[in-house]
Each structure stands twice: as structure tokens, then as C-alpha cells.
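S.K.: Give me a 3D structure for the following:
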Amino acid sequence: MPCFRMTRRTLGMLGAATLLVAQWGVGAQASDAWPTKPIRIIVPNPPAGPSDIAIRPLAAAVQKVLGQPVIVENKPGANGNIGAAEVARAPADGYTWFWAMDPVLTVNKHIYKNQGYAGDAIVVLNAAARFSQTLICNPALGFKSVKDMVDATRTRELTYATGGAGSPGHLVMESLLSATGTKMVHVPYKGPAPAMQDLMGGQVDCGFLAAPTVLPQIQSGRVTALATSGKTRSALLPQLPTIAESGYPEFDGTFWLLLAAPKGIPPEIQKRFLDAMAQAIRSPGQQEKVKSVDIEMVGSTPEQAQQKARELSDKWGALVRKIKLTAE
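M.R.: Predicted structure coming up:
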């Protein structure tokens, strides 16, 4: 009897081992065959915005490498949480990816009690591109520099427009006000277009908005540009100084476009997609295509991207707590 029990136990162990080998084989075959169907990249913004414009030529380039359609799907709403939640719920099979401005993954978790998904369900894999915001004011104010605006806040109440609470324009203005020890009244709008309209109309005084949104109005003289928020000058507005060059040398209001995915994608699949994306990001043609939306393609390893996301989360999280920003 003891010998029989041992044999049965051994058979059980062999059966389990066989099952594991079979499962590994199926997984390996799936990785080898991937992709066998269209791949989608979810963008949590409406079509035709800067981040959407930047990803579409990248998707086309990746499609050529992988031999399957790469479809960009716009899923706007809730400051990017709707699109992020869909990615978080997707299978980790390499057929769903995420392309978002960094606040969606680095700021929202600090301002929303419930984002609609677990924070660790999405992993950042490439810090693909960086961009900045442009500080503009209504011309009637007569400001010619950042110093003019800051000095004015000390003697009267000024207002500033943004595309919404927690948006890049909101974060960077509050960062500047914190650095200068001054205050302005925040007037949030549902997107940059209505913010720009009221700024031109004089209903609000100033604001940080994306360069493509403000460039025609700057050129026509309907708004006055004072500075850009990043560490380097804008390719669209090379004559405009940065905030750092305007008397605040430590200031850096750079934002990033991040490529992410559901956690747990098999390493072989992840590498193939990231290699194809890295090749597209580095191409001179892609650099030229995004100049019109004031985006600089950079690219990174997954480790560098995750470190960058942690740094941004720490930086903006500290600001969110300081200004007591909540979205609920």
C-alpha cells in the first residue's frame, strides 16, 4: 500500500508538471504568434489635440513594423480617468496600450478619491515626449514680462484661466505662484478653447495654455506671450524666454507624454512593441511632424520612464497637497 500511495502521488506531481509545461508552451506560442489581430492605443483626450496628433504617425510606423493595424481610440472624460480605466481593465495580452499626458497617471491619483481602477493596474513603459505651456495675458494689462505679472499680483487681484482643475495649465500656474509667494484666482474651463476665448475677451487676465492653442492669437496680437514653462525654449516660439530665464532659475514646468499598458504583458510581447515604438520615436520624420504642436520626441527605457513618473508624481503630489486640490 505505501508503494501504491507513493506512485499515485508521483503521478499527481507528474501531471501537475505536465500541465505547467503545457501552459508555458501555450504562452510561448502566443508570444511568438503575436500580433494576430489589430492593436489599439487608447488616448484619453478628444481627437486633434496635441497628444492625439503626436501618436497617430507613431501608430502608423508601428503598424508597418508589426504587420497588423494599430488603431488610435479616443476615450476622453474625467481628466483622463475614463480612458485609463479601460486600459486597466483590458487583458495584458499586448493588444491594448495607453498614450497620455503625464498628469493622468501622476496627478489624478492625488486628486481623485476613486479613479475607477487600481493604481498599480497600469505600468508606464516609455517617457516618449515632452512639452510645455505658454504663459499669456490679455494685452490690455500691459504686461511685458513675468516680473510685470508677478508684481501686479502684489497690488491687485488677478485671475487666470485653465482648461480645467488638475490640467497642465493649472499645475504650472500654481507652481509659479508658489515659487513667487503670490496669489491669483483660478477660473477653470471645460477645455483650452473656451479658456482662450474669455482670456481674449478680458473676462480673465492670464493663463498657461499649450503653444498650438495660443500661437495664432499671439501672432495676431490678441494676447501677449510672456514665457514658456519648460527648461528649454519652445520650437514654435523661440524668441520667448522660459520662466527659468525670467528670474526663476530653478523653475521647470515640463510635462510628458507617457506610453503605458496593463500590468503583466509578457516580456517578449512588451519588448517587440516597445522596440517598434522606439524606432518610430527616434525617426527624424516623427520629430518634424510634432514640431507643429510644440512637442519634442525623446523616448526612454521602461526603467527610465517609471523613474520619471515617480519624480513627477512626487513633484505634483506635493503641490496638490499644498493647494488642497481635490476633484470630488
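S.K.: Against which helices or strands is the biggest strand by length in the chain packed?
M.R.: For the chain, the strand reaching the highest residue count under DSSP state E is reported as strand 122-131. Helices and strands touching strand 122-131, by 3 or more Cβ pairs under 8 Å, 6 or more residues apart in numbering; DSSP states H and E, are helix 50-66, helix 81-89, strand 255-262, helix 267-282, strand 295-297, helix 302-323. For the C-beta atoms, the positions are set from N, CA and C on the backbone; glycine is no exception.
S.K.: now it, how far from the chain's geometric center?
M.R.: Mean C-alpha position of strand 122-131 versus that of the full chain (Cα atoms, centre = their mean, to the nearest Å) differs by 7 Å.
S.K.: again, but for stretch 191-211
M.R.: That offset, for stretch 191-211, works out to 22 Å (Cα atoms, centre = their mean).
S.K.: Equivalent analysis for stretch 130-144, please.
M.R.: 23 Å.
S.K.: same thing with stretch 74-94?
M.R.: 13 Å.
S.K.: Repeat that for stretch 269-283.
M.R.: On Cα atoms, centre = their mean, the centre of stretch 269-283 falls 18 Å from the chain's centre.
S.K.: Which residues belonging to that stretch are considered buried?
M.R.: Within stretch 269-283, the residues scored as buried using 16 or more other Cβ atoms under 10 Å are 269-270, 272-274, 276-281.
S.K.: One more: stretch 244-257?
M.R.: Buried, per 16+ other Cβ under 10 Å, within stretch 244-257: 244-246, 248, 251-257.
S.K.: Quick check: which ranges of the stretch 1-150 of the chain have low pLDDT?
M.R.: Residue ranges of the stretch 1-150 of the chain with pLDDT under 70: 1-30.
S.K.: would you list every one of the helices in it?
M.R.: For the stretch 1-150 of the chain, applying DSSP state H, counting those that start in this stretch gives helices covering 2-33, 50-66, 81-89, 102-106, 108-111, 146-153.
S.K.: list the helices and strands the fourth one packs on?
M.R.: I take that to be helix 102-106. Using 3+ Cβ pairs under 8 Å, 6+ apart, the elements in contact with helix 102-106 are helix 81-89, strand 255-262, helix 302-323.
S.K.: Now with 10 Å, please.
M.R.: Helix 102-106 sits against helix 81-89, strand 96-101, strand 122-131, helix 168-180, strand 255-262, helix 302-323, with contacts defined as 3 or more Cβ pairs under 10 Å, 6 or more residues apart in numbering; DSSP states H and E.
S.K.: In a strand, Leu227, correct?
M.R.: Small correction: residue 227 is Ala, not Leu. Yes: counting by DSSP: H, G, I helix; E, B strand; the rest coil, Ala227 is part of a strand.
S.K.: Could you measure from it over to Ala278?
M.R.: The spacing between Ala227 and Ala278, counted by Cβ to Cβ, to the nearest Å, is 32 Å.
S.K.: does Gly119 really touch Asn81, like I thought?
M.R.: No: at 11.4 Å, Gly119 and Asn81 do not qualify as touching, with contact defined as Cβ atoms under 10 Å.
S.K.: These two: which is more packed in?
M.R.: Neighbour tally, Gly119 and Asn81, criterion other Cβ atoms under 10 Å: the higher count belongs to Asn81, 21 against 11.
S.K.: how about the more buried one, what does it touch?
M.R.: For Asn81, the contacting residues are 44, 75, 88, 104, 108-109, 112, 114-117, 327, by Cβ atoms under 10 Å, 6 or more residues apart in numbering.
S.K.: Of the residues you listed, which is the most crowded?
M.R.: Counting by other Cβ under 10 Å, top hit in those: Pro44 with 28 neighbours.
S.K.: contacting residues around that one?
M.R.: 51-52, 73-87, 98-101, 104-105, 108.
S.K.: Make a PyMOL selection of the buried ones in those.
M.R.: Buried members of the contacts of Pro44, defined by 16+ other Cβ under 10 Å, are picked up in PyMOL with:
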select buried, resi 51+52+75+76+78+79+80+81+83+84+85+86+87+98+99+100+101+104+105+108
